[in-house]
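Asks: requesting a structural model of the entry that follows:
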Amino acid sequence: DGKPPPIVNVAGKKRLGQITAPKTIFNVSITGQRIFAARTLSLDDAKVVSKATGTTINDVVMAICAGALRRYLGAHKKLPKQSLVAFVPISLRELGNTEIRNQVFGMNCELATDIVDPLERLMTIKAASKAPKTLAGATKDVAPQDFTLLGAPLLLPGLMQMFGRTGLANLVPMAVNLVISNTMGPPTQLYCAGAKVDALYPVSIPIHGVALNMTVQSYNGRLDFGLTADRKAVPDLNAMADHLGEALAEMKAAVVSKVTASEKAKAAKSAAAAAAAAPVPVTTDEKPSEPAPKAQPEASASPTPTKQKKTPPKAQAKSAAKPKSSKAKAGAVKPA
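Replies: Reported below is the predicted structural model:
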């Protein structure tokens, strides 16, 4: 696919799929009161995790929500042993399609909230969302996309009112626990009447049986989270929102730790390979032979007399006459 291989290789758990979602505090009938919480996270931090693990930004966003839900439910001692399931809307609009109608589909995705390790949880979410995405892409031509043509605005409100008034939402097992939606927003800075727009927090709706909605929108290097819930079901929604930043920080720290360990292992492997390829010096147990000491001449008790060569008598007379001749020459005065 042309993408670089992931730096961090963590295997996720394989899932067989869940027909129903576990019962949680979110699967109740809602009231007319709402509660809203908003938080902003760094899109660059999410991209660091995405690039290192070979996942998408959408996978990372769902893992952030899963980590926050695990912390929140764990603090309230309401975390089920089975993984939570989220309904995730999917856009089927192709690039360049300008038709004025909704083109959406949806999938149920397990959030792996039963897994402690954040990176293993992320990879499990990636694997769990792959099959529904493939199915949605294969059936998009026959699946209903624009629900307004099916009379949904008329039928669904009546059915949901009956579902809430009878209290069936508190009893009937639900297929999902919450809704998580992630949309791509403008990547550049926006202004309104000359004023700088600091954030774009999305607001969505909870429904009977699904009292929590977590919607995310990217904007100018940020991830703006908007959490909407029923006030009675989730009275402390701000505490859940605080866990979003903790979940992203936990994943980023795990990625940095894995990358550091991987780099150390590669460095040690390279050093070992270099040491194995280097020539090994040959060593022996024999000591090098020392040069033999030079023989010193033996000192004699009495010096040996040197024999003097005898000069013949004629040579002695010649040598005696020679100095006289030189003296005579030296004493001669050159006439003027």
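Asks: going forward, measure contacts between C-alpha atoms and count neighbours the same way
Replies: Fine.
Asks: show me what the helix or strand harbouring L244 is packed against.
Replies: Per DSSP states H and E, L244 falls inside helix 237-277. Applying 3 or more CA pairs under 8 Å, 6 or more residues apart in numbering; DSSP states H and E, one finds that helix 237-277 contacts strand 34-42, helix 43-53, helix 57-75, helix 118-139, strand 222-230.
Asks: got the angle for the second one vs helix 57-75?
Replies: Note on geometry: by axes from the mean of the first three to the mean of the last three CA atoms, to 10 degrees, helix 43-53 and helix 57-75 are set 100 degrees apart in direction.
Asks: so which elements touch helix 43-53?
Replies: If you count contacts as 3+ CA pairs under 8 Å, 6+ apart, helix 43-53 packs onto helix 57-75, strand 222-230, helix 237-277.
Asks: specify the angle between the second one and helix 57-75 in degrees.
Replies: Spelled out, that is strand 222-230. Orientation check (the same axes, to 10 degrees): strand 222-230 against helix 57-75 gives 50 degrees.
Asks: wait, which of the helices and strands packed on helix 43-53 is closest to A86?
Replies: Of all those, the one in closest proximity to A86, counting by CA to CA, is helix 57-75 (8.9 Å).
Asks: how about the closest one: buried residues?
Replies: Residues 57-73 are the ones in helix 57-75 that count as buried (16 or more other CA atoms under 10 Å).
Asks: then stretch 174-192?
Replies: Residues of stretch 174-192 classed as buried: 174-182, 185 (neighbour count, 16+ other CA under 10 Å).
Asks: between the residues you listed, which sits nearest M214?
Replies: Nearest to M214 out of these is I180 (CA to CA; 4.9 Å).
Asks: OK, contacts around the closest one?
Replies: Shown in contact with I180 (CA atoms under 8 Å, 6 or more residues apart in numbering): 62, 86-89, 213-216.
Asks: quick check: mean pLDDT of the host helix or strand of it?
Replies: Using DSSP H and E, I180 sits within strand 178-183. Throughout strand 178-183, pLDDT has a mean value of 94.
Asks: other residues contacting the helix or strand following it?
Replies: Note on strand 178-183: by DSSP H and E, the next helix or strand toward the C-terminus is strand 191-192. Strand 191-192 has contacts (CA under 8 Å, 6+ apart) with V197.
Asks: span of stretch 184-199 from start to end?
Replies: Taking CA to CA, to the nearest Å as the measure, stretch 184-199 stretches 14 Å from start to finish.
Asks: re earlier: quick one: strands adjacent to the strand holding I180?
Replies: In the sheet, strand 178-183 lines up against strand 85-91 (parallel), strand 212-219 (parallel) (DSSP bridges).
Asks: dump the ones you listed to CSV, plus mean neighbour count, distance to L190 and mean pLDDT.
Replies: Converted to CSV, the strands paired with strand 178-183 look like this (neighbours: other CA atoms under 10 Å; distance: least, CA to CA, whole Å; pLDDT from 0 to 100):
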stretch, mean neighbour count, distance to L190, mean pLDDT
strand 85-91, 20, 24, 88
strand 212-219, 24, 9, 97
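Asks: please consider this matter closed, and thank you.
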